[in-house]
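Trainee: Sequence and predicted structure, then a few things I'm wondering about:
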Amino acid sequence: MKGLDRWLGSWIFRKRTAPPPGVRHVLIAVCDHFEPFHDADKATALARVALWRREHAAICADFRDSDGTPPRHTFFYPVEQWDADVCGRLADLCHSTGGEAEIHLHHDNDTAENLRATLLRGKENLAALGLLSRDAKGDVRYGFIHGNWALDHSHPEGKGCGVPDELPILQATGCYADLTLPSAPSGCQVRTINSLYYAREDGQPRSHETGTPARTGTAPDDALLCVQGPLCLNWQRRKFGILPRIENSDLTGANPPSAQRLALWEKCHIHVAGRPDWLFVKLHTHGAIERNSSALLGEKMRAFHRHLAARAAADATFQFHYVTARELVNILHAAEDGKSGDPSAYRDYRYKLRRG
């Protein structure tokens, strides 16, 4: 299968861990590469946002997690496609459903100077709509997903970026975490998988190939936090009836969320070292595209929400929490600081949303 050589060894020789006995908290964040202008004109883009506002609001009204929070969705908007009308409607969508927006960016053959300017402009535009968070100093902060997966000029053919020292630029412009990975089967996939870790820039492409794992008691301040979603092999979904398919935490119309996929995500056991009972499940999608939105806003997603609620009702050791990307990272930092118990208490631990 395409790109397996980049990460399969890490999967085969991984250190197998499992949550300890007792209550385990599963944090579920859907990070959407939300591109309403994908193969579309402005009228279609506006219609896509309107569909999400209507249908996602209905889902939020019908379901709650273990601490009473409705489903969360984080819209990573491609800031190079800024449109005041579309983004204004996106802000309305977030404000009415409890969703949040962060920065997505597609760029190619770029320079460090232009990248910095683009990120700052995108941050200013989104913050003006009340869509980004602030830290204790009052500075605007943002989560980031790289377009075409090519974080830090990682594409093997040199496409989709152009800036091999991208990580410190992200940090300097206010990025609180990168949430791009996993990218398999793309060649941009790195060998570190199923991890929460800090990547240091080395001046070369793919500086995030490895890094320092997030753990209780310490957190480096000279590296960019990378939050990965689950990546493994799915032997219950086979190609040609023989080869296992890749489970890369992508929610699509052909592969919507399910109980079987949830079991795989949990087995990846992504957690802060020292806090193994808090499981981080970062999922991704391209939710503006109709073939995916039909699943994310329809019966398949509703069935998944019902499964989560039924499982929690039947198993007192299973607690699930819908979180945004920001809330997920806040809870991660709380784990680093030794917090325990119900992670939902730390949704606003470091970065706080400011609507106005």
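Mentor: Okay, I see it.

Trainee: for residue 144, what are its contacts?
Mentor: 76, 102-105, 170, 175, 177-180 (CB atoms under 8 Å, 6 or more residues apart in numbering). For the C-beta atoms, the positions are set from N, CA and C on the backbone; glycine is no exception.

Trainee: and it, that one's in a strand?
Mentor: Yes - assigned with DSSP: H, G, I helix; E, B strand; the rest coil, residue 144 falls within a strand.

Trainee: For it, give its distance to residue 271.
Mentor: In this view, residue 144 and residue 271 are 22 Å apart by CB to CB, to the nearest Å.

Trainee: can you check residue 176 too?
Mentor: 19 Å.

Trainee: quick one: contacts of stretch 202-215?
Mentor: Identification of contacts with stretch 202-215 by CB under 8 Å, 6+ apart yields 151-154, 164-165, 167, 178, 181, 190-192, 195-201, 220, 223-226, 272-274, 332, 335-336.

Trainee: Output it as CSV, restricted to C-alpha atoms.
Mentor: Extracted in CSV, the C-alpha atoms of stretch 202-215 (Å, rounded to 0.1, in the frame of the first residue of the first chain):
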residue,chain,number,x,y,z
ASP,A,202,16.3,21.8,12.5
GLY,A,203,16.3,24.0,9.4
GLN,A,204,15.6,21.0,7.1
PRO,A,205,12.3,19.7,5.8
ARG,A,206,10.2,17.3,8.0
SER,A,207,11.6,18.6,11.3
HIS,A,208,8.5,17.0,12.9
GLU,A,209,9.6,13.5,11.9
THR,A,210,10.4,12.9,15.6
GLY,A,211,10.1,14.9,18.8
THR,A,212,9.8,15.0,22.6
PRO,A,213,6.7,13.2,23.9
ALA,A,214,4.2,15.2,26.0
ARG,A,215,4.4,14.0,29.6
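
Trainee: buried stuff in that stretch?
Mentor: 205-208, 211, 214-215 (16 or more other CB atoms under 10 Å).

Trainee: do stretch 346-354 as well
Mentor: Within stretch 346-354, the residues that qualify as buried are 346-347, 349-351, 353, counting by 16+ other CB under 10 Å.

Trainee: what do you get for stretch 119-136?
Mentor: 119, 122-123, 125-127, 129, 131-133.

Trainee: Please tell me how far residue 151 sits from residue 165.
Mentor: With CB to CB as the criterion, residue 151 and residue 165 are 12 Å apart.

Trainee: swap that for residue 73, please
Mentor: 32 Å.

Trainee: now do residue 173
Mentor: Taking CB to CB, one finds residue 173 at 13 Å from residue 165.

Trainee: the more surrounded of those two?
Mentor: With neighbours defined as other CB atoms under 10 Å, residue 173 and residue 165 compare such that residue 173 has more, 20 against 16.

Trainee: The nearest residue to the more buried one once chain neighbours are set aside: helix or strand, and which one exactly?
Mentor: Using CB to CB, 6 or more residues apart in numbering and skipping the chain neighbours, the partner closest in space to residue 173 is residue 119 (4.3 Å). Secondary-structure element containing residue 119, defined by DSSP states H and E: helix 112-128.

Trainee: Check residue 28 too.
Mentor: Using DSSP H and E, residue 28 maps to strand 24-33.
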